[in-house]
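Visitor: sequence first, then the predicted structure, then my questions.
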2 protein chains.
Amino acid sequence: MRLVVADCSIDYAGRLTAHLPMARRLIIVKADGTVVVHADQGHKALNWMSPPCAIAERPDGWTVTGAKGETLDIAIAEIHADIAYHLGREPGLLKTGSEAELQMLLAQQPEVIEAGARLIQREYPTDLGPVDLLLRSAADETLVVEVKRVAELAAVEQLSRYLERLDGLGSMRGILVAQTIKPQTRVLAEARGIGCVEVDFEMLAGRAVPDLTLF
Amino acid sequence: MRLVVADCSIDYAGRLTAHLPMARRLIIVKADGTVVVHADQGHKALNWMSPPCAIAERPDGWTVTGAKGETLDIAIAEIHADIAYHLGREPGLLKTGSEAELQMLLAQQPEVIEAGARLIQREYPTDLGPVDLLLRSAADETLVVEVKRVAELAAVEQLSRYLERLDGLGSMRGILVAQTIKPQTRVLAEARGIGCVEVDFEMLAGRAVPDLTLF
DNA sequence: ACGTTGAGATTGCCG
DNA sequence: CGGCAATGTCAACGT
């Protein structure tokens, strides 16, 4: 990893074009070839180029060319630091609390969605894409469940498409399950006869393994 | 901007939780208080904390606490570098080629969408949100145009909502205009009687100002 | 390889 | 301040 602090102006040309006026910035060249430009604010890079890319270095700046012909032109007025470190391999990030995990927890305890509900299948395939959860209600209806962390309008439409596609498989209801359901989303869902259930991830995760933790 | 190269393991707890095993990484503390952790691959940060946040520094590591109670725990085994630079203010990024610019160019030359079409209005307001472009066709139909850089299924749904909402304003057709229209999107659009037009940004931009450039 | 979906999404806009 | 949509989205996963 090479760290360069320099006064520079930058032009990117690819799917879009972007320009950065002259200012002092941090330029990082990573071991995998990635070039990243950071300002002193925010966690996102101002500009970058992903490998594979070629770096042509001149006294007055760099031209970085990407695989699809994108270019990152860095005009350098003055270099204030240019240092390198060896970092080694990154073991990688482990995440929990994702939508995939929420779906798994709901599959293990479908009664949280509706009393008496039993799991038929997770990721039930349709030709419009997989239905997150397919349940059987206490009254023997098919429950088509869409799981989101945050449910917005598009989730209602996605679920509506599934319901339309599965129409004819007997008595059926759609249910939107999310940690957060936005107000307008709730309105549209209810207008279409789709149920709304808000769930708490911590609570689900806590209830998921009571047999293991309580003894 | 403070740059720290250190062997560290990291735990984040917020909306989700994430863990990074011990490895050598770059930790950046920016002037605005942002803390960012980078590996030697990729342009995105492994972990970060946005300001306002509080950094508690101990010999064995840092605990960074965010405004909503999220924590970033950085356990430090060894520090290999710890240097600081003053970068100053970032003038900011200027982009061209965005969807907004595409929409503007199409408003200036609606005949690219369909021969004989004239502009009625840009950003025509409805209570479901603004219609990108409203045109009048050569045959005096109203053309409801949705502009996207990349058109996916949701764009068809969005346009369908507008068409449903505007129903009754006379003869009407929906048209999806994008630099890229995905295959399934095209299928759904045509099934609903919505037209599909792919346009090239460079070509549009080139045709937009012939009077200025050709003189 | 291609297509689809999720993201600590973030960020910016407009009401 | 909340809702909504764009992003050089990227990255992961399934067909």
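Guide: Perfect, I can see it now.
Visitor: switch to C-alpha atoms for all contacts and neighbour counts from now on
Guide: Noted.
Visitor: which parts of chain A are strands?
Guide: With DSSP state E, the ranges of strands along chain A come out as A:2-13, A:17-29, A:35-38, A:47-49, A:53-58, A:61-66, A:71-84, A:94-96, A:118-126, A:129-136, A:142-151, A:172-181, A:195-198.
Visitor: let me have those strands in JSON lines, extended by distance to DNA strand D.
Guide: Output for the strands of chain A, formatted as JSON lines (distance: least, Cα to the nearest atom of the strand, whole Å):
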{"stretch": "strand A:2-13", "distance to DNA strand D": "6"}
{"stretch": "strand A:17-29", "distance to DNA strand D": "7"}
{"stretch": "strand A:35-38", "distance to DNA strand D": "8"}
{"stretch": "strand A:47-49", "distance to DNA strand D": "3"}
{"stretch": "strand A:53-58", "distance to DNA strand D": "10"}
{"stretch": "strand A:61-66", "distance to DNA strand D": "7"}
{"stretch": "strand A:71-84", "distance to DNA strand D": "7"}
{"stretch": "strand A:94-96", "distance to DNA strand D": "10"}
{"stretch": "strand A:118-126", "distance to DNA strand D": "7"}
{"stretch": "strand A:129-136", "distance to DNA strand D": "8"}
{"stretch": "strand A:142-151", "distance to DNA strand D": "9"}
{"stretch": "strand A:172-181", "distance to DNA strand D": "9"}
{"stretch": "strand A:195-198", "distance to DNA strand D": "14"}
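Visitor: need the ones you listed in TSV (columns: distance to DNA strand C and mean neighbour count).
Guide: Converted to TSV, the strands of chain A look like this (distance: least, Cα to the nearest atom of the strand, whole Å; neighbours: other Cα atoms under 10 Å in any protein chain shown):
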stretch	distance to DNA strand C	mean neighbour count
strand A:2-13	17	19
strand A:17-29	13	20
strand A:35-38	12	22
strand A:47-49	13	21
strand A:53-58	17	14
strand A:61-66	17	19
strand A:71-84	20	16
strand A:94-96	7	13
strand A:118-126	10	15
strand A:129-136	5	20
strand A:142-151	6	22
strand A:172-181	10	20
strand A:195-198	15	18
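Visitor: select, out of those strands, the one closest to A:A205.
Guide: Closest of the strands of chain A to A:A205 is strand A:94-96, at 10.4 Å (criterion: Cα to Cα).
Visitor: touching chain B at all, that closest one?
Guide: Yes - under the criterion of Cα under 8 Å from any Cα of the partner chain, chain B is reached by strand A:94-96 at A:94-96.
Visitor: out of the strands of chain A, which gets nearest to B:T65?
Guide: Using Cα to Cα, those put strand A:94-96 closest to B:T65, at 18.7 Å.
Visitor: please parse chain A into its domains.
Guide: A:2-84, A:99-207 (automatic domain parsing).
Visitor: for those domains, which has the smallest mean pLDDT value?
Guide: Lowest mean pLDDT of these: domain A:99-207, a mean of 89.
Visitor: give me the buried stretch members for stretch A:156-172, please.
Guide: If you call a residue buried by 16 or more other Cα atoms under 10 Å in any protein chain shown, then stretch A:156-172 has these buried ones: A:156-160, A:162-163, A:172.
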